[in-house]
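Asks: coordinates only, sequence not included:
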């Protein structure tokens, strides 16, 4: 059970408060996104800009973190945290799934993870399979997750046609896919090649629990939940499987 951006229900996503809620409710991992500010700080935020989630304005890459930190999130008036803050706050409470939202920041992230001795506590996620492969070559003990939903090389259709030899050349430890696109064919393809299959994107469903139950019955390996209030029921469904 993975807290997608911590939680996206009643709390602002990708904030320390959202991560605390997910952890307190029983998540195994928290997932969050990382970008670089104008001054090279590793900032925990999903979007290219701070417009949607805060009262601020502008692209993350064009703003100094000292200015980003002054912006307040819209629901809970929280601050956008740095990656280092998140790792320091929760390193002894939870595992981390770190999504690369831009090219060229992975080495800085991995140096920080190594410095804090958290290589065994982190999964690095992204859409650029080449970058994930480079990470795996340099840091073989770091787990990688290929977010295939909008990826192009390979995309989902191509992945499903690859044979085991071809998959072994590119094999990530996990593959995540948007929930509405998941099929038994995808899950079986992952499992045949010792890859864990994850599902995300439940926030737009009227009754996400029904979809989650269906996916668990299909033997999905992990759920990136958006609503922390669903964790207890997800755990019950998993335990019944």
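Replies: That came through, no problem. What you see is a predicted model, and the numbers here were worked out from it, not measured in a lab.
Asks: so how far is the helix or strand containing residue 43 off the chain centroid?
Replies: If you go by DSSP states H and E, residue 43 is part of strand 42-44. Relative to the centre of its chain, strand 42-44 is centred 14 Å away, using C-alpha atoms, centre = their mean, to the nearest Å.
Asks: do the same with stretch 133-144
Replies: 17 Å.
Asks: next one: stretch 99-114
Replies: With C-alpha atoms, centre = their mean as the basis, stretch 99-114 stands 13 Å off its chain's centre.
Asks: ok, now stretch 48-63?
Replies: Offset of stretch 48-63 from its chain centre (C-alpha atoms, centre = their mean): 20 Å.
Asks: cool, stretch 229-241 as well?
Replies: Put simply, stretch 229-241 sits 20 Å off its chain's centre (C-alpha atoms, centre = their mean).
Asks: pLDDT of it, averaged?
Replies: Summarised as a single mean, pLDDT over stretch 229-241 is 81.
Asks: residue 71: what's it in contact with?
Replies: With contacts defined as C-beta atoms under 8 Å, 6 or more residues apart in numbering, residue 71 is in contact with 50, 54, 55, 56, 79, 80. Where you see a C-beta, it was placed from the backbone N, CA and C, and this is true even at glycine.
Asks: burial of the nearest residue to it once chain neighbours are set aside, as a residue count?
Replies: Closest residue to residue 71 apart from its sequence neighbours, by C-beta to C-beta, 6 or more residues apart in numbering: residue 56 at 3.1 Å. A total of 17 residues lie near residue 56 under the criterion other C-beta atoms under 10 Å.
Asks: give the contact list for residue 103.
Replies: The neighbours of residue 103, taking C-beta under 8 Å, 6+ apart as the test, are 128, 131.
Asks: so how far is residue 203 from it?
Replies: According to C-beta to C-beta, to the nearest Å, residue 103 stands 27 Å off from residue 203.
Asks: any idea which residue is closest to the centre of the protein?
Replies: Centrality entry for the chain: nearest residue to the mean C-alpha point is residue 31, 3.7 Å, by C-alpha atoms, centre = their mean.
Asks: quick check: that one touching residue 224?
Replies: Yes - using C-beta atoms under 8 Å, residue 31 is in contact with residue 224, at 5.7 Å.
Asks: what do those two both touch?
Replies: Listed as contacting both residue 31 and residue 224 by C-beta under 8 Å, 6+ apart are 2, 3, 4.
Asks: pLDDT on the longest strand anywhere in the chain, on average?
Replies: As assigned by DSSP state E, the longest strand anywhere in the chain is strand 29-36. Model confidence over strand 29-36, given as mean pLDDT, is 99.
Asks: for it, packing partners?
Replies: With contacts defined as 3 or more C-beta pairs under 8 Å, 6 or more residues apart in numbering; DSSP states H and E, strand 29-36 has these neighbours: strand 2-4, helix 16-25, strand 42-44, helix 83-90, strand 95-100.
Asks: in that strand, what's buried?
Replies: Going by neighbour count (16 or more other C-beta atoms under 10 Å), the buried part of strand 29-36 is 29, 30, 31, 32, 33, 34, 35, 36.
Asks: cool, and stretch 111-129?
Replies: For stretch 111-129, a neighbour-count test (16+ other C-beta under 10 Å) marks 112, 113, 121, 122, 123, 124, 125, 126, 127, 128, 129 as buried.
Asks: next one: that stretch to chain centre, how far?
Replies: Distance, stretch centre to chain centre, for stretch 111-129: 12 Å (C-alpha atoms, centre = their mean).
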